[in-house]
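# the sequence isn't on hand, but the structure is:
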């Protein structure tokens, strides 16, 4: 095989790898977009954020432990770097799936699911800025146009909800909590890249999610008045189970593999589908209305993320 044929083959393999990584990131985004719907449905039964988060991870943890044990026996966790990576993976996982989840669930008590999803998609902006600061990956010119455009879309969504919500303090609190959640998830994406490249996406995801689960359980046990997890109506457990399987376990592995294939920045900015899915599902399942301001705001966010992902 001559050099030109070898180069063409390498290019084709690289293209297929990138396409698969992008597909994994988009599927993970779609599944994560369901999270706000499950949460809003569960909140109708009076459950608090810490209890719902604990139920979610109680259903998720056995899956991660079972998969981890299976893959360990199959010899997939034989990397010599695993022991040294356990603590960093645990810290990064707790940041992405404990702290970010806690802030997100708390914010959803005060704002709608579509607004939460659009505000949460500020994390590509934070991811790009963190990658610039940490890895000296200078953003492209499009970034300096796309980021203000995305924040303009977020502001339109916030302004739209402000016209419908009487308690402006709650709106500000909910939005601020979700912005903090987005920043926390951006830290997860940026700092997980090197760990995933050393030990693989499967080992990293298992370690990160087990650590996040224990962090959530400790948080729940430290509440001043410990609520019971057994007294809620049956639908609450159904929604928590759906969150665990379809909006936690499956997308967590998809995201880790996407990061491994296409990197944290492209994984982050491939999430343009999320706000649209959440808006449509909220209208269909929760009965939320769709206004022109919401459509314009989401269009701006999607356009900005598309510009970031053009390369």
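Looks like it came in fine. Note that this is a predicted model, so its numbers are computed, not measured.
# can we go C-alpha only for contacts and neighbour counts from here?
OK.
# for residue 189, give its distance to residue 96.
8 Å (CA to CA, to the nearest Å).
# revised request: answer the last question for residue 70.
For residue 70, the distance to residue 96 - CA to CA - is 24 Å.
# go ahead and confirm residue 115 touches residue 157.
Yes: proximity of residue 115 to residue 157 meets the contact threshold set by CA atoms under 8 Å, at 6.1 Å.
# which one's more surrounded, those two?
Ranked by neighbour count (other CA atoms under 10 Å), residue 115 and residue 157 place residue 115 first, with 28 against 24.
# please name the residues that touch that one.
154, 157-158, 161 (CA atoms under 8 Å, 6 or more residues apart in numbering).
# and of those residues, the nearest to residue 146?
residue 154 (12.5 Å; CA to CA).
# pLDDT at the closest one, what is it?
On the pLDDT scale, residue 154 is placed at 73.
# now for the helix or strand hosting it, which elements pack on it?
When elements are assigned from DSSP states H and E, residue 154 belongs to helix 141-164. On a contact count with 3 or more CA pairs under 8 Å, 6 or more residues apart in numbering; DSSP states H and E, helix 141-164 meets helix 113-120, helix 168-199, helix 292-308.
# buried residues, it. List them.
143, 146-147, 149-161 (16 or more other CA atoms under 10 Å).
# repeat that for stretch 186-195.
186-193, 195.
# how about low-confidence regions in this protein?
Applying pLDDT under 70 to the chain flags the ranges 1-18, 78-79, 122, 137-140, 164-166, 225-226, 264-265, 268-275, 305, 308-311.
# and the helices in the stretch 201-311 of the chain?
With DSSP state H, counting those that start in this stretch as the criterion, the stretch 201-311 of the chain has helices at 201-221, 234-244, 250-268, 273-281, 292-308.
# picking up where we left off before, could you dump the buried residues of stretch 186-195 to TSV with distance to residue 54?
Output for these, formatted as TSV (distance: CA to CA, whole Å):
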residue	distance to residue 54
186	22
187	22
188	20
189	23
190	26
191	25
192	23
193	27
195	26
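# for those residues, which one is nearest residue 277?
Distances from residue 277 to the buried residues of stretch 186-195, taken by CA to CA, are shortest for residue 186, at 20.8 Å.
# separation between that closest one and residue 63?
The value you get for residue 186 to residue 63, if CA to CA is used, is 25 Å.
# please apply the same query to residue 176.
Residue 176 is 32 Å from residue 63, by CA to CA.
# can you check residue 250 too?
10 Å.
# same check on residue 208?
Taking CA to CA, one finds residue 208 at 13 Å from residue 63.
# okay, those two: which has more neighbours?
Looking at residue 208 and residue 63 with other CA under 10 Å, you find the greater number of neighbours at residue 208, namely 28 against 17.
# check contacts around the more buried one.
89-94.
# among those, which lie within strands?
Of the contacts of residue 208, none are assigned to strands by DSSP state E.
# would you mind giving these as JSON lines with distance to residue 236 added?
Listed next are the contacts of residue 208 as JSON lines, based on distance: CA to CA, whole Å:
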{"residue": "89", "distance to residue 236": "31"}
{"residue": "90", "distance to residue 236": "28"}
{"residue": "91", "distance to residue 236": "29"}
{"residue": "92", "distance to residue 236": "29"}
{"residue": "93", "distance to residue 236": "25"}
{"residue": "94", "distance to residue 236": "24"}
